[in-house]
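Asks: What would the 3D arrangement of this be:
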Amino acid sequence: MKAAVKLWQHWNEGEARQRLDRYRATVARIRQRDRQAWDDQRLQAESLRLQEQARSGVPLGELLVDAYALVSEAAKRTLGLSPYDVQLIAAIALHEGYLIEQHTGEGKTLSAVMPAYLHALTGKGVHVLTFNDYLAHRDAHWMGPLYTFLGLSASAVQAGMKLSDKRQAYASDITYVTAKEAGFDYLRDTIALDPADVVHRPFHYVIVDEADSLLLDEARVPLVIASEPGASGEDGSRFATVVRQLQADEHYDFDESGRNVYLNEAGATRAEALLGCDNLYENRHSHVLMALNCALHAELLLHRDVDYIVRDGSIELIDEYTGRVADNRHLPDGLQAALAAKEGLPFKAGGKILGTITLQHFLSLYPSLCGMTATAQASAMEFEAIYNLDVVKIPPNRPNLRIDHPHQVYTHKEAKLKALLREISAAHAKGRPVLIGTSSVGESDSLAEALTAAGVPCHVLNARNDAKEAEIIAKAGELGAVTVSTNMAGRGVDIRLGAGDPVQAERVASLGGLYVIGTHLHQSVRIDDQLRGRSGRQGDPGSSIFMISLEDELLLKFDIDPAIRELRQDEPLDESLLPGKIAHIQRILMGQNFELRQELNSYSDMLEDQRRMLYEERLRILTGETPMSPSEQRVRLFYIDACWADHLAYAAYVREAIHLTSLVHRSPIDEYHAQIIEAFEQIPAKIEQATADMLARLGGSDDPASWEALGLHSPPSTWTYLMTDQYTSYLQNPLKWGPLTLAAYYLRKLVRPVFGWKPF
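Replies: Numbers count the residues shown, from 1 in each chain. The predicted structure follows:
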């Protein structure tokens, strides 16, 4: 395997050098088309000429040199920005459909303008998917004058906009929008009963910012549109009460990775007594067993101020990759109810799911896809395997002067904390700004308290005070600034030395620039690199270091060097093999996460294929391509949506129980596919029958009032959310459990009902 990887890397490096040489030659041709002597009218006439050629079918590659030369000159006049050669290289690679790795501060926003302009010349529309609403608004308005100067329109879509405003924004030549909002708008389009309610036009070309986050970290997260939440039949409180009366080891155990918890025999017997029911493992009690498992999961595996916070009387989930509150993020109802019960909060059921699509499947709707990020190379093979996207590393405009120190590894957390306080205090005493990346809200608060007690004032940036993010980041590069943060400071954050003041910036640079300290390692080295990348912006000096301990969760889980851990020394370890072991652990975890994404995709791919087949038929009816009367159109659309919602509910039910098929030596994924294919094949007949019955009731009436009277309308209200599945993939799929976990489960499921086994 190592030899294959090395061969792949060697071949890839050679191809990359040839590609960059070709791009530099193209940049030279762009520079030769100097448009500085042209007046504004001539530049605008050139833009009109390019539009006419693009819309007449001239390949965009033949227009690239002229188009990029034009944008370069227009950027100088409208924005005061002159693209660097490396930005032009990035722009060429984006046009060719690559995923570019461009370092922080290197100007990705301007790099994206050139291919966005080139592809918008066709009149088919371009989407630039940003990391959040703020960036969508900022970039559309920042780059807007350039597009307007060249005769094109640019808009930003924001959450909460009116339908008419969204439709107008999507009709612009270039639309800046988050991937989630664009996806939610697509889901709303899929249940529209009137063409006037559709906001999207056919997809054409998309540029994905922070592409590794969207294409990998959040790729499996389903976007959901559902009917309005209603009252829950089971609030989970009695299961939370039962779980709190169970004892670790005596009543439940964890699997080898610590990612799932399950009742042992004594625990099952104790739970049955507390719940007042007989054998939990009989099929008629399956809903009780699932609710109990959810309560166990919420109580023991979901941690307040790590996985979620409670704010203003509600639960807000924290994104593990960004450290931010995950807007509109929702757990599956059973787990959400269990978490609410754990915290003593009211719970409403999520409502009937009307449509769902993963971000990966949504992005696959675009015929042309490219992306940009500061961290892509570490997952290059995965990008190629899943998306057929090759990574192109863009050289920096200025050499990267940041010094990345080797990890400092301590035997235990107390020693690490002492070392952190010493290191931060020493840097602060010199006036050097320090950014500390912590693992959770709780750790960031604890470290801030320890620093304050040590006489080091600091600012804290975490999900609890995210409203102050802009203010805190603006000051993070000042002399003497100490900023303690979660992963919120790790992506999309631009920290300027001296907070933008040239005199102060020079002083900070003389002290070594921004000092980034990580207190833990992530499963993916990409996330570590994002934190490092806050320092050394655009050739600035800077340095980074990770100060970790063998008691940190990542290393403790793999039980790395237990004998050394027992030494409990205060000085960092001088162990030459440790860096290699740590890097190996991160590679293993990245590989496991890749496999998990592939497995989850295998469940969702079939459902997405079915959705597309049904939606194609629905679209033909909605647009009038399939002739009919108005009443038949309304009835067919209504029952297509109703049958699809029922199919989604059935697929979710099948997936929850599909692991049991391995008992009879059948593949769970094959069995899942077989069952949902059989169910899908019955949908056309159901639609036809329901349609015929309703048309008979309507008696041929095309009166909208009759439709309303018979309930042929969209749900009175809907809501959208993201379904977090990282907590439930193990809960619902015991194939990921270890062999001991599986053996225990199946013994209880099969043997106990027959022999009546009880604990000794």
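Asks: switch to C-alpha atoms for all contacts and neighbour counts from now on
Replies: Fine.
Asks: that's a strand at residue 175, yeah?
Replies: Yes - using DSSP: H, G, I helix; E, B strand; the rest coil, the assignment for residue 175 is a strand.
Asks: pretty sure it is in contact with residue 124, am I right?
Replies: No - taking C-alpha atoms under 8 Å as the contact criterion, residue 175 and residue 124 are not neighbours in contact, 11.4 Å apart.
Asks: more neighbours, these two?
Replies: With neighbours defined as other C-alpha atoms under 10 Å, residue 175 and residue 124 compare such that residue 175 has more, 24 against 17.
Asks: quick one, strands of the stretch 401-550 of the chain?
Replies: With DSSP state E, counting those that start in this stretch applied, the stretch 401-550 of the chain shows strands at 403-404, 408-410, 434-437, 459-461, 482-485, 514-518, 542-549, listed in chain order.
Asks: residue boundaries of the strands in the stretch 201-350 of the chain?
Replies: If you assign secondary structure with DSSP E, counting those that start in this stretch, the strands in the stretch 201-350 of the chain sit at 205-209, 222-227, 230-231, 252-254, 261-263, 308-311, 314-317, 329-330, 348-349.
Asks: Figure out which of those strands is closest to residue 285.
Replies: Comparison of those against residue 285 by C-alpha to C-alpha identifies strand 261-263 as nearest, at 15.1 Å.
Asks: Who are the packing partners of that closest one?
Replies: Contact partners of strand 261-263 among helices and strands, from 3 or more C-alpha pairs under 8 Å, 6 or more residues apart in numbering; DSSP states H and E: strand 252-254, helix 286-301.
Asks: nearest to residue 62, of those?
Replies: Per C-alpha to C-alpha, nearest to residue 62 of the helices and strands packed on strand 261-263: helix 286-301, 55.9 Å.
Asks: so what does whichever strand or helix holds residue 697 touch, helix or strand wise?
Replies: Assigned by DSSP states H and E, residue 697 falls within helix 683-698. Identification of packing neighbours for helix 683-698 by 3+ C-alpha pairs under 8 Å, 6+ apart yields helix 630-657.
Asks: other SSEs contacting the helix it packs on?
Replies: Judged by 3+ C-alpha pairs under 8 Å, 6+ apart, helix 630-657 is in contact with strand 353-358, helix 578-622, helix 668-681, helix 683-698, helix 729-732.
Asks: now the first one against helix 630-657, angle please.
Replies: In other words, strand 353-358. With axes from the mean of the first three to the mean of the last three C-alpha atoms, to 10 degrees as the criterion, the two stretches strand 353-358 and helix 630-657 enclose an angle of 60 degrees.
Asks: just to revisit the earlier point, now the helices and strands packed on helix 630-657 in JSON lines, please, with extra columns for distance to residue 478 and mean neighbour count.
Replies: Rendered in JSON lines, the data for these read as follows (distance: least, C-alpha to C-alpha, whole Å; neighbours: other C-alpha atoms under 10 Å):
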{"stretch": "strand 353-358", "distance to residue 478": "41", "mean neighbour count": "24"}
{"stretch": "helix 578-622", "distance to residue 478": "33", "mean neighbour count": "16"}
{"stretch": "helix 668-681", "distance to residue 478": "54", "mean neighbour count": "16"}
{"stretch": "helix 683-698", "distance to residue 478": "63", "mean neighbour count": "15"}
{"stretch": "helix 729-732", "distance to residue 478": "44", "mean neighbour count": "18"}
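Asks: Throw the ones you listed into a markdown table and include mean pLDDT, thanks.
Replies: Putting the helices and strands packed on helix 630-657 into a markdown table (pLDDT from 0 to 100) gives the following:
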| stretch | mean pLDDT |
| --- | --- |
| strand 353-358 | 92 |
| helix 578-622 | 89 |
| helix 668-681 | 91 |
| helix 683-698 | 95 |
| helix 729-732 | 43 |
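Asks: So which of those is nearest residue 419?
Replies: Put simply, out of the helices and strands packed on helix 630-657 the one that sits nearest residue 419 is helix 578-622, at 18.5 Å, with distance taken as C-alpha to C-alpha.
Asks: Quick check: closest non-adjacent residue to residue 468.
Replies: residue 461 (7.7 Å; C-alpha to C-alpha, 6 or more residues apart in numbering).
Asks: pretty sure the one you found is touching residue 476, no?
Replies: No - in terms of C-alpha under 8 Å, residue 461 does not count as a neighbour of residue 476; the distance is 10.4 Å.
Asks: Please say which of those two ends up with more neighbours.
Replies: Just comparing residue 461 and residue 476: by other C-alpha under 10 Å the higher neighbour count belongs to residue 461, 28 against 25.
Asks: Please name the bridge partners of the more buried one.
Replies: Applying DSSP bridges to residue 461 yields these beta-bridge partners: residue 485.
Asks: List the contacts of the residue nearest the centre of the chain.
Replies: For the chain, residue 218 is the residue whose C-alpha lies nearest the centre (C-alpha atoms, centre = their mean; 2.5 Å). Applying C-alpha atoms under 8 Å, 6 or more residues apart in numbering, one finds that residue 218 lies in contact with residue 359.
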